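K.L.:
Just need the structure, nothing else, for what follows:
(3 chains)
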Amino acid sequence: MSTEFWRWTEYRKTMPGADWREAALLTAGVDVGSVSSQAVIMADGKLYAYSSMRTGSDSPRSAQNAMDWALEGTGLTLEKINYTVGTGYGRVNVSFADRAITEIACHARGANFIYGPSVRTVLDMGGQDCKVIRCDEKGKVTTFLMNDKCAAGTGRGMEVFADLLQIPITEIGGKSLDIDEEPKPVSSTCVVFAKSEATGLLRSGWPKNKVIAAYCAAMAHRVVSLLERVGVEKDFAITGGIAKNVGVTSRLAGELAIKPLETEYDTQLAGAIGAALFAHAITKKAKAGIK
Amino acid sequence: MISAGIDVGAKNVKVVLLRDGEVVSRSFETIGLNTQAAIDGAFAAALRQIGAGRGEISKITATGAGRKEVKFADGELTEVGASAKGVHHLFSSACTAIDVGAEEGRAIKVDEKGKVLDFAVNEKCAAGAGAFTEAMARALEVGVEKMGELSLKSRTAVPMNAQCAVFAESEVVSLIHAKTPKEDIARAVHDAIADRIVSMARRIGIEKDVVVVGGLAKNAGFIDSIKRTLATDVLVPQYPEYAAALGAALHAATPTGGQ
Amino acid sequence: MIANYGYLDGSGQYFIRIDTEKCDGCGDCVAVCPAGLLAVGADENDPFREEPVAKVTEDQRKKIKYSCGPCKPGAARPPLPCVAACKPGALEHSW
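P.N.:
Numbering: from 1, shown residues only, chains lettered A, B, ... in the order given. Now for the predicted structure:
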C-alpha cells in the first residue's frame, strides 16, 4: 500500500501588511484531519496567518506543530491568543484549545468566509469521509449529512484505485478526462467490489485511463445520491482533497448541472478558518455578557 | 436418473450431481477471466468423476448471482430458494439458514418442510461477506484458509471499530504496528463479520436449529465467532460451500423441477 | 437543523434524520430504543444552541443498518418505537 496520499505542498503564510499588535482580539482555529492539519490565526476576525501540514501518526503533536508553524516569524506566541477552537477528526487532541467544535459546524462557517454569504451547499470530500452541509447566509448549518462509515466517495477509495493502477493520485483527474469516449461507470459502489470489477476491465483490455474514467464517474454518481438526500441549493461549493480531482468534480458538475464556486483560497483551510471565527464569536459574546 | 445443480457465485462455480437423490459428484472451479469457461469446466469435471456423459443428465437447475450464464440449464432457482432447499435436505431440523458467500450474506427462515418464510440479504457491501475476511487476510499477510485456525488460538478479544473493509484494512495494519498478536487480530476480524451477519439474521428472528453454509462456513474461526455471538451452537455440513448447488440439484430432481 | 446520522454504502442508505428545530430534548426516543442508539445532549453542530437535543451516539453512527435491524423485520415497515415515541415528530428513518 502506498503511503503517499494527497501530495499537496505543506505551507505557511502571514497576510501581507497585517499586524497582530494592532488587534484587540486574537483567535485561532486548528483543524486536525485524518490526512492534513491546518492552523489559522485571526486578528479581530480577519485572516492573519495560517499553516497546512500533514497529520503525523501522533495527532496531539500534529496540532501543536501546525500551530507553531503558523506562529513562526510573527513574533506572536500562543499565550497571547485569546481563544482557540479545535476541530476535525482529531479535535479532542488539540490540547491547547479552549473548546472543540465539530468539523460540520466549522466547515459551514469557513465556507461562508471563503466563498462569501451566497454559499448554501458545501460538499466536503475528505480523506476518510464525505460530508454534505447546507447553510444559511450567516454560515449556520441548516442540514448536514456525514458519511464516514464507507470508503466509497472518499480520498481513501480513490487511493485504492491509484494503487491498483499505479498512477500518482494527483494525475488521476487529468488522465480520466484523456479518453476517446466516456465509459459506463463502474457498477459496484463498494470499493472492494469496484476494485475487482476494475481488475476485470483491465484484464479484458481496457486502457488505464478508461478504467479511471469509469471509477471517477462512479464516485461522482455516488456523491450525487448523497447530495440528493439533503438537496442541493445554489451556490454550491466543493472542498477537501477530491475538490482537486477534476475527473470527479467535472463529472459531478455535469450530473448536477451546477457549476461549483471557485475561490483563490485553499479550500482545505475551511475547517480551521471556521474554528477561528467561532473562537472570535465566542469571545465577543462572552465579553458582551460581562458588560 | 441424474440431475445437476450449478451454483454460479461471485467467485466460484459449484456443481452437484444427484443420482436417485444421492450426491454422486461435487466439483468446484474458480471464475477467472471467463465465467462460461468456469461453468463448462466445473460441469465437465463433475461428469468425469462418475464417468457420465452430458446426455445422461436429465435436468439441470442453475442458481447463484450468475445463474443466467448457464445457457444450457433447464431451469433456475434464486440463491435464497436453493440455499433453503439444500439446508433443509442436509438438516431437516433447520429453522434458520445462514449462508455467507464471497460477495453476499443471507439469512433465511424456513419451516419444517423447508419452505422459505422470510429472509434478509446483505449484498453489494464487502463488510458483510467473505470478501471482508479475504481483504483482512491480505492485510495480515496470511493465507485466507489459515485465518480460521489462527483465530482459534486467540485468548484476547480486540475490538475492531471500522465497519468498512477498506478502513478495516488500515485498522489491521495499525494493530500489527501496535504489536497485536496476529491470532487476536484474526479473531477480531471474525467477530466483526459474525456480529454483522448475526445482526442481519436478527431481522428475521433466529430460531434453532441454526445451520451455517456458504464458503465462509469452512472457516472454523468464523463459526466459533458466530456461536459466541449467538450464544448457541450451530450446525455446519461437511461441504458447506455446496449447499446452494445441492438445493439446485434437488430442484432439478423433482418431477416439476427445471420448469 | 436537519441532522442526518448514518450512511450510504453499497447495500443501501441507512439514515436517522432528526429535525433539531422540532426536537425538544425530552428523551422519550432514548428510553424506547432497544439498541441504545440515541442520546440527548448538547448540539455538537450548533455551538450556540443551549437546549439539549436528541442525537445518534457516536459509536452507533456507522452501525445503523445492523443496530436498527431487529426493529425492521423483513419487507414490511412496522411503526418504529423511536418514531412512535417522538411527540413533536422530529425523528425519521430513511429505511
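
K.L.:
how about the residues of chain B that lie near chain C?
P.N.:
Within chain B, the residues that sit near chain C (CB under 8 Å from any CB of the partner chain) are B:118-120, B:122-128, B:163-164, B:195-196, B:199-200, B:202-205. For every residue, glycine as well, the C-beta is placed using N, CA and C.

K.L.:
Drop anything exposed from the residues you listed.
P.N.:
B:118-120, B:122-128, B:163-164, B:195-196, B:199-200, B:202-204 (16 or more other CB atoms under 10 Å in any protein chain shown).

K.L.:
Can you narrow those down to the ones near chain A?
P.N.:
The subset of these within reach of chain A, counting by CB under 8 Å from any CB, consists of B:Lys124, B:Cys125, B:Ala126, B:Gln163, B:Cys164.

K.L.:
From A:Arg251, how far out is A:Val160?
P.N.:
18 Å (CB to CB, to the nearest Å).

K.L.:
Which of the residues of chain B next to chain C fall within helices?
P.N.:
Those of the residues of chain B next to chain C mapping onto helices are B:Asp195, B:Arg196, B:Ser199, B:Met200, B:Arg202, per DSSP state H.

K.L.:
check contacts around the first one.
P.N.:
Contacts here follow CB atoms under 8 Å, 6 or more residues apart in numbering or on different chains; on that basis B:Asp195 touches B:Ser225, B:Thr229, C:Tyr66.

K.L.:
Assign a three-state SS to the last one, would you?
P.N.:
Okay, so that is C:Tyr66. Classification of C:Tyr66 using DSSP: H, G, I helix; E, B strand; the rest coil returns helix.

K.L.:
Would you confirm that it contacts B:Ala194?
P.N.:
No. Counting by CB atoms under 8 Å, C:Tyr66 does not reach B:Ala194; the two are 11.6 Å apart.

K.L.:
Mind telling me which residue of the stretch 151-259 of chain B is nearest chain C?
P.N.:
Going by CB to the nearest CB, chain C is nearest to B:Ser199 of the stretch 151-259 of chain B, at 3.6 Å.

K.L.:
my read: that residue touches C:Cys71, true?
P.N.:
No. Contact criterion CB under 8 Å: B:Ser199 and C:Cys71 do not qualify, at 11.6 Å.

K.L.:
Which positions in the stretch 101-250 of chain A make contact with chain C?
P.N.:
Within the stretch 101-250 of chain A, the positions adjacent to chain C are A:101-102, A:104-105, A:140-150, A:152, A:188-190, A:193, A:222, A:225-226, A:229-230 by CB under 8 Å from any CB.

K.L.:
What's the ChimeraX syntax to select whichever of those are buried?
P.N.:
Per 16+ other CB under 10 Å, the buried members of these correspond to this ChimeraX selection:
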select /A:101,102,104,105,140,141,142,143,144,145,146,147,148,149,150,152,188,189,190,193,222,226,229,230
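
K.L.:
In strands, which of the residues of the stretch 101-250 of chain A next to chain C fall?
P.N.:
Judged by DSSP state E, those include A:Val141, A:Thr142, A:Thr143, A:Phe144, A:Leu145, A:Met146, A:Asn147 as members of strands.

K.L.:
Find the pair from these with maximum spatial separation.
P.N.:
For those, the maximum inter-member distance is 18.2 Å, found between A:Thr142 and A:Asn147 (CB to CB).

K.L.:
quick one on the thing from earlier: narrow the residues of chain B next to chain C to those in strands?
P.N.:
Per DSSP E, strands hold the following members of the residues of chain B next to chain C: B:Asp118, B:Phe119, B:Ala120, B:Asn122, B:Glu123.

K.L.:
List the contacts of the closest residue to B:Glu104 other than its chain neighbours.
P.N.:
Counting by CB to CB, 6 or more residues apart in numbering or on different chains, B:Glu123 is the residue found nearest to B:Glu104 once chain neighbours are left out, at 4.7 Å. Applying CB under 8 Å, 6+ apart, we find B:Glu123 in contact with B:Glu103, B:Glu104, B:Gly105, B:Ala129, C:Gly10, C:Ser11.

K.L.:
Could you work out the most separated pair of those?
P.N.:
Checking the contacts of B:Glu123 with CB to CB, the most distant pair is B:Gly105 and C:Gly10, at 12.5 Å.

K.L.:
all helices of chain B, in order?
P.N.:
Using DSSP H, helices in chain B cover B:35-49, B:79-90, B:130-140, B:147-152, B:165-177, B:182-202, B:220-230, B:243-253.

K.L.:
hang on, I meant chain C
P.N.:
C:28-32, C:64-67, C:81-85.

K.L.:
Mean neighbour count, distance to B:Pro237 and mean pLDDT added to these, as JSON lines?
P.N.:
Converted to JSON lines, the helices of chain C look like this (neighbours: other CB atoms under 10 Å in any protein chain shown; distance: least, CB to CB, whole Å; pLDDT from 0 to 100):
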{"stretch": "helix C:28-32", "mean neighbour count": "18", "distance to B:Pro237": "41", "mean pLDDT": "97"}
{"stretch": "helix C:64-67", "mean neighbour count": "23", "distance to B:Pro237": "27", "mean pLDDT": "90"}
{"stretch": "helix C:81-85", "mean neighbour count": "17", "distance to B:Pro237": "38", "mean pLDDT": "97"}
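
K.L.:
Using the record, which stretches count as separate domains in the chain?
P.N.:
This is for chain A. Domains of chain A are assigned by automatic domain parsing as A:11-112+A:268-290, A:120-260.

K.L.:
ah, I was thinking of chain B
P.N.:
Domain assignment for chain B by automatic domain parsing gives B:1-91+B:242-259, B:92-236.

K.L.:
And the domains of chain A: which comes nearest B:Ala139?
P.N.:
Closest approach to B:Ala139 among those is made by domain A:120-260 (11.9 Å; CB to CB).

K.L.:
Please name whichever of the domains of chain A is nearest to C:Pro79.
P.N.:
domain A:120-260 (22.6 Å).

K.L.:
so how far is chain A from C:Lys72?
P.N.:
18 Å (CB to the nearest CB, to the nearest Å).

K.L.:
and that residue, how many neighbours does it have?
P.N.:
17 (other CB atoms under 10 Å in any protein chain shown).

K.L.:
Which of the residues in stretch A:109-127 are classified as buried?
P.N.:
Here stretch A:109-127 shows A:109-115, A:119-127 as buried, counting by 16+ other CB under 10 Å.

K.L.:
cool, stretch C:11-24 as well?
P.N.:
So stretch C:11-24, judged by 16+ other CB under 10 Å, has buried residues C:Ser11, C:Gln13, C:Tyr14, C:Phe15, C:Ile16, C:Arg17, C:Ile18, C:Asp19, C:Thr20, C:Cys23.

K.L.:
and the last one, backbone torsions?
P.N.:
Put plainly, it is C:Cys23. Recorded main-chain torsions at C:Cys23 are phi -60, psi 130, according to degrees, to the nearest 10.

K.L.:
Please work out how many residues are found near the residue nearest to it when sequence neighbours are not counted.
P.N.:
Leaving aside its sequence neighbours, C:Cys23 sits nearest to C:Ala90 (CB to CB, 6+ apart; 4.1 Å). For C:Ala90, the count of nearby residues is 22 (other CB under 10 Å).

K.L.:
Chain B contacts on the stretch 101-250 of chain A?
P.N.:
A:128, A:149-151, A:156-157, A:160, A:188-193, A:200, A:203-204.

K.L.:
Narrow those residues to those in helices?
P.N.:
Checked against DSSP H, these include these in helices: A:Arg156, A:Gly157, A:Val160, A:Val191, A:Val192, A:Phe193, A:Gly200, A:Arg203.

K.L.:
Would you mind confirming that A:Met125 makes contact with A:Gly153?
P.N.:
Yes. If you go by CB under 8 Å, A:Met125 and A:Gly153 touch, sitting 6.8 Å apart.

K.L.:
which neighbours do those two share?
P.N.:
Joint contacts of A:Met125 and A:Gly153 (CB under 8 Å, 6+ apart) are A:Val223.
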